[in-house]
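[1] Next one to model:
(chains A, B, C and D)
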Number of protein chains: 2
Amino acid sequence: MGKNARMERRERADAARNRQAILRAAEELLRRHPPEQVSVERVAAAAGVGKGTVFHRFGSRTGLMLELMSERARELEQDFTEGPPPLGPGADPAERLVAFFAAVAELAARNGNLMSAVEHAMVTSRSHDEQSRMANPIYLAWHRHVAGLIAEGRPDVDAEQIAHMLLGTLHMEPIASRLRAGEHERLAAAFADLVDGLLRGGGG
Amino acid sequence: MGKNARMERRERADAARNRQAILRAAEELLRRHPPEQVSVERVAAAAGVGKGTVFHRFGSRTGLMLELMSERARELEQDFTEGPPPLGPGADPAERLVAFFAAVAELAARNGNLMSAVEHAMVTSRSHDEQSRMANPIYLAWHRHVAGLIAEGRPDVDAEQIAHMLLGTLHMEPIASRLRAGEHERLAAAFADLVDGLLRGGGG
DNA sequence: CTTAATCTGAACCGATGGTCCAGTTAATAT
DNA sequence: ATATTAACTGGACCATCGGTTCAGATTAAG
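    Residues are numbered from 1 along each chain as shown, chains lettered A, B, ... in the order given. Modelled structure (predicted):
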């Protein structure tokens, strides 16, 4: 086949430009305003495009937020699946879990309202497609990772369930607001206490 | 003073009747449908009253959901503040915490979507008053209780923060759906593992 | 019965997520 | 260059929702 003859109909140049404009505009708005004040229309206006374009590109408000989150999460995923310890393989499960939550907390803090923005988008979505958290690939990957580490350290507990619980803590308003206030280290410390107790206290 | 001369302008009979009709209708709808499908308008229709009446009585959608939740939570609060162990005073903190979460899980399971309904109402509220979780008296009471028990058992950790985290787990969709499926015992067990590790593992 | 306060409910409002589609534009074939 | 075509664009439009308004109905008190 010639030069990549399949060629998959690449995204057009103007489309790519607008996609970036939209993502960056959303990012900027989220940095300055709580998620419920960042409507699709405002994002579109800030990006200098029409509302229809946003939906054409991202399918829904949720799709946009998810894409934004993916950008940030991809690197982290790389790190915890194949990076160096304590995030990556090598360290013991408790250490890795603590490191993972610290990393997530920092990611969330750096991006203002991203975590709650995704949450907010899902809850307020009026679209028909399955917007369940379980359909969110990022959440799935995180859950698999956390559940795996828990099971490794404590084969006797319901790792899947507890993983959901631990991940759930990130969506809480009282937590999110602390994140926004830059207190992610205080959060990470609290996580560490929880995880330490769980993995080192009981059955290990 | 005469027979309760202050007399406080009691709620009118028709108003009281409608209040009950609205609460029961909301309860019933919530039992059959996810919270995002239970609009104020549907509740009003099911109760046989106008939409305006609902808002007059409860102020907002959030107010209605909160009232519904309060009905259920009042009894529980009594139990854990002055009831017999293991919920009430007397048992050790770890036991009381586990019992508390088991009770909350059961309460939530019995009422289908109540927990997520309150959450949903708060997030989608367009009203101007402070709808922060911290303004929710039930949440406040629960948080105070949980934080107190944690601090009692582990004076070395950030009890306030961890209390937020533990309570936060109740709002997650994956958790809520398990609650709806009646798996509150599985949830309670997971809670127990978390709490046990925390209170008995580390510094106790 | 009169009166005054309270309650009621349907029309109305503003905002939002999402859809539609006629016109525009970039990539490809000629 | 030009023609062709598929993809892209954006603003008008829609349905729904939480919430407000207010004129008329209803209840309780005097």
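[2] and residue A:26, how many neighbours does it have?
    Neighbours of residue A:26 under the rule other C-beta atoms under 10 Å in any protein chain shown: 26. Where C-beta positions appear, they are placed from N, C-alpha and C, glycine not excepted.
[3] Wasn't it part of a strand?
    No. Using DSSP: H, G, I helix; E, B strand; the rest coil, the assignment for residue A:26 is helix, not a strand.
[4] For it, give its distance to chain B.
    Distance from residue A:26 to chain B, counting by C-beta to the nearest C-beta, to the nearest Å: 19 Å.
[5] need the contact list for the closest residue to that residue other than its chain neighbours.
    Distances taken as C-beta to C-beta, 6 or more residues apart in numbering or on different chains put residue A:43 closest to residue A:26, at 4.8 Å, once the chain neighbours are dropped. By C-beta atoms under 8 Å, 6 or more residues apart in numbering or on different chains, the contact list for residue A:43 reads A:22, A:25-26, A:29, A:54, A:64.
[6] anything in the helix or strand of chain A with the lowest mean pLDDT sitting right up against chain B?
    Across the helices and strands of chain A, the lowest-confidence element by mean pLDDT, DSSP states H and E is helix A:173-180, at a mean of 79. Yes. For a cut-off given as C-beta under 8 Å from any C-beta of the partner chain, helix A:173-180 has contacts with chain B, namely A:173-175, A:178.
[7] May I ask which of these has the most neighbours?
    Neighbour-wise, those (other C-beta under 10 Å) top out at residue A:175, 24 neighbours.
[8] what's the neighbour count on residue A:182?
    Count around residue A:182 with other C-beta under 10 Å applied: 10.
[9] give the contact list for residue A:81.
    Neighbour list for residue A:81: A:88, A:145 [criterion: C-beta under 8 Å, 6+ apart].
[10] Which pLDDT does the model give it?
    Predicted confidence (pLDDT) for residue A:81: 95.
[11] go on, residue A:30?
    Residue A:30 is assigned 92 on the pLDDT scale.
[12] List the single closest residue to residue A:94 in space, sequence neighbours excluded.
    residue A:199 (4.0 Å).
[13] Now residue A:89, what are its backbone angles?
    Backbone geometry at residue A:89, expressed as degrees, to the nearest 10, gives phi -60, psi 150.
[14] Repeat that for residue A:91.
    Phi and psi for residue A:91, reported as degrees, to the nearest 10, are phi -70, psi 170.
[15] what about the residue nearest to it when sequence neighbours are not counted, neighbour count?
    With C-beta to C-beta, 6+ apart as the criterion, residue A:91 has its nearest non-adjacent residue at 3.8 Å, and that residue is residue A:85. If you count neighbours by other C-beta under 10 Å, residue A:85 ends up with 12.
[16] ok, residue A:85 to DNA strand C distance?
    When distance is defined by C-beta to the nearest atom of the strand, to the nearest Å, residue A:85 is 40 Å away from DNA strand C.
[17] Neighbours of the residue lying closest to residue A:18 once chain neighbours are set aside, how many?
    Leaving aside its sequence neighbours, residue A:18 sits nearest to residue A:49 (C-beta to C-beta, 6+ apart; 5.3 Å). Neighbour count of residue A:49, defined by other C-beta under 10 Å: 19.
[18] for residue A:38, same thing?
    25.
[19] That one reaches residue A:29, doesn't it?
    Yes. In terms of C-beta atoms under 8 Å, residue A:38 counts as a neighbour of residue A:29; the distance is 4.7 Å.
[20] Which residues outside stretch A:48-61 are in contact with it?
    A:15, A:18-19, A:21-22, A:40-41, A:43-44, A:47, A:64, A:67, A:121, A:124-125, A:127, A:129.
[21] Can you show me the strands along chain A?
    Applying DSSP state E to chain A gives no strands.
[22] No more questions from me, cheers.
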